[in-house]
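1. I need the structure of the sequence given here:
(one chain, ligands or ions: 2)
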Amino acid sequence: MNFCSDNVAGIAPEILEAIARANAGTMPSYGGDEITARVEKRLGEIFEREVWAFPVTTGTAANALALSTLTPPYGAVYCHPEAHIMVDECGAPELYTGGAKLVPIAGAGGKISARDVAETLDNARAGDVHHVQPAAVSLTQASECGTAYTVAEVGAIAAVTKKHGVKLHMDGARFANAVAHLNVTPADITWKAGVDVLSFGATKNGALAAEAVVFFDKELAASFGFRRKRAGHLISKMRFISAQLDAYLTNDLWLRLARHANAMAQKLVGGLQSVPGVHLLYPVEANEIFIRLPLQTLAGLRQAGFQFYDWPGAAPGTIRLVTSFATSAADVDAFIAKANTLAKAA
Ligand SMILES: Cc1ncc(COP(=O)(O)O)c(C=O)c1O
Ligand SMILES: C[C@@H](O)[C@H](N)C(=O)O
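-> Numbers count the residues shown, from 1 in each chain. Ligands and ions are numbered 1, 2, ... in the order given. Below you'll find the model as predicted:
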């Protein structure tokens with residue numbers, strides 16, 4: 001069983017069927033099709049307001065291109081040191097913004113605080129020609145540590161960014177998992193709290209390759225289509241990306257898939273509490289678990305065929321376990337049973 005990432009899971013059957021259904025006949029290309037139009041309308045319904053939505057095929061493209069609308073090339077984009085845009089996008093944000101600087105703001109559990117954002121922006125040397133200029137803050141929801149920002153936390157950060165004339169981006173590669181955990185409305189945790197643009201993720205939660213950059217500000221959205229095309233991310237047969245999002249957003253499939261992934265993570269972390277030598281690093285508020293286990297136990301789990309990442313930069317024995325819509329209760333029970341057997345035998 002593979003707990004490396006939700007990226008290792010397949011495609012939710014409803015989404016695969018939607019792709020096949022979209023394969024009937026011809027449709028206008030480059031997003032001119034009816035499915036793409038329907039997706040933007042559906043996102044408006046879900047977010048309870050008009051939105052400007054642009055499908056892309058990767059979360060990295062969603063993040064980097066979204067940020068390119070928020071900052072000049074001499075700008076500063078503030079994010080957590082473990083943010084995906086900082087650590088795992090190979091310079092795409094820097095490339096597509098024309099060179100903006102990613103500036104880390106530390107914070108516990110993968111989250112940054114309004115207080116630290118305020119202190120950073122208060123001391124950012126705005127107007128000083130020798131310094132990058134504050135332009136955007138990026139939050140990851142759910143975070144790279146498997147935690148979720150509350151509505152109040154997002155709102156407090158947004159109050160600071162707005163005071164400083166700085167935009168607020170949300171990396172929502174696992175947005176569904178956060179919404180499912182928090183039990184809030186998509187509107188409350190985004191634009192109503194002050195978010196300007198959301199990378200709305202679907203790939204990790206059952207899509208083949210589908211994300212949507214969702215703008216809550218028409219002016220910010222105005223240049224995105226050109227930036228997407230220039231980056232080579234305007235998909236000619238867009239209907240097949242949009243069909244994934246259409247199915248994802250139908251009958252709350254996106255939330256049902258995320259709820260299952262989150263429930264499996266809760267089952268897993270609940271079962272692991274009894275394993276001798278286990279140490280949980282962060283609260284489990286989505287579908288990612290960060291734990292430390294004895295190295296011998298980890299070796300035995302790998303020998304038994306379980307797959308998971310050693311977490312880079314963390315203490316020896318620290319691993320990440322990620323559940324998905326496809327994780328079964330039997331998968332979870334097997335991991336817990338094996339971990340217990342190995343730890344007790346050590
Ligand atoms: C938090 C987060 N943001 C963005 C991404 C980027 O997604 P992609 O790998 O599709 O570029 C990932 C990838 O898993 C991620 O974990
Ligand atoms: C790159 C890797 O971290 C990926 N974003 C994941 O969460 O699995």
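2. Just list the residues touching the residue nearest to residue 166 when sequence neighbours are not counted, thanks.
-> Among residues not flanking residue 166 along the chain, residue 134 sits closest, at 5.1 Å (C-beta to C-beta, 6 or more residues apart in numbering). The C-beta positions use only the backbone N, C-alpha and C, and glycine is treated the same way. With contacts defined as C-beta atoms under 8 Å, 6 or more residues apart in numbering, residue 134 is in contact with 75-76, 78, 121, 124, 126, 164-166.
3. Just the closest of those residues to residue 275, please.
-> Ranked by distance to residue 275 (C-beta to C-beta), the contacts of residue 134 are led by residue 78 at 37.6 Å.
4. so that closest one touches residue 138, yeah?
-> Yes. Using C-beta atoms under 8 Å, residue 78 is in contact with residue 138, at 7.1 Å.
5. re earlier: export the one helix or strand the residue nearest to residue 166 maps to as CSV, just CAs?
-> Element membership of residue 134 [criterion: DSSP states H and E] is strand 133-140. Provided in CSV are the C-alpha atoms of strand 133-140 (Å, rounded to 0.1, in the frame of the first residue of the first chain):
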residue,chain,number,x,y,z
GLN,A,133,8.6,45.5,-2.8
PRO,A,134,5.8,43.7,-0.8
ALA,A,135,3.3,42.4,-3.3
ALA,A,136,1.6,39.2,-2.1
VAL,A,137,1.3,36.7,0.6
SER,A,138,0.6,33.0,-0.3
LEU,A,139,-1.1,30.6,2.2
THR,A,140,-1.4,26.9,1.6
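6. Could you point out the helix or strand that follows that strand?
-> Per DSSP H and E, the helix or strand that comes after strand 133-140 is helix 151-163.
7. Could I get the buried residue list for that following helix?
-> Within helix 151-163, the residues that count as buried by 16 or more other C-beta atoms under 10 Å are 153-158, 160-161.
8. Redo those as CSV? Include pLDDT and distance to ligand 1.
-> Shown next, in CSV, are these (pLDDT from 0 to 100; distance: C-beta to the nearest ligand atom, whole Å):
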residue, pLDDT, distance to ligand 1
153, 98, 17
154, 99, 16
155, 98, 21
156, 98, 21
157, 99, 17
158, 98, 20
160, 98, 22
161, 98, 20
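9. ok, those residues vs residue 304, which is closest?
-> Checking these against residue 304 by C-beta to C-beta gives residue 153 as the nearest, at 39.1 Å.
10. didn't residue 59 look like it was pressed against residue 210?
-> No. Using C-beta under 8 Å as the test, residue 59 is too far from residue 210 to be in contact (10.2 Å).
11. The two - which one has more neighbours?
-> Ranked by neighbour count (other C-beta atoms under 10 Å), residue 59 and residue 210 place residue 210 first, with 29 against 25.
12. Let me see the contact set for the spatially closest residue to that one that is not a sequence neighbour.
-> Closest residue to residue 210 apart from its sequence neighbours, by C-beta to C-beta, 6+ apart: residue 244 at 3.9 Å. Going by C-beta under 8 Å, 6+ apart, residue 244 touches 15, 18-19, 202, 207-210.
13. and the helix or strand encompassing residue 244, how far out from the chain's middle?
-> Element membership for residue 244 (DSSP H and E) is helix 239-248. For helix 239-248, the gap between its own C-alpha mean and the chain's C-alpha mean amounts to 18 Å (C-alpha atoms, centre = their mean, to the nearest Å).
14. ditto for stretch 192-202
-> The answer for stretch 192-202 is 10 Å, by C-alpha atoms, centre = their mean.
15. That stretch vs ligand 2: in contact?
-> No. Contact of stretch 192-202 with ligand 2 (C-beta under 6 Å from any ligand atom) is absent, the minimum separation being 10.2 Å.
16. Stretch 263-277 too?
-> No. Stretch 263-277 stays out of contact with ligand 2 when judged by C-beta under 6 Å from any ligand atom, the minimum separation being 13.6 Å.
17. Please identify the buried residues of that stretch?
-> Residues of stretch 263-277 classed as buried: 263-269, 271-272, 275, 277 (neighbour count, 16+ other C-beta under 10 Å).
18. Check stretch 293-307 too.
-> Result for stretch 293-307 [16+ other C-beta under 10 Å]: buried residues 293-294, 297-298, 300-301, 306.
19. how is this structure carved up into domains?
-> If you go by automatic domain parsing, the domain ranges for the chain are 13-253, 255-345.
20. Can you tell me which of those is packed in deepest?
-> Burial of these is given as mean neighbour count (mean count of other C-beta atoms under 10 Å); domain 13-253 ranks first at a mean of 20.
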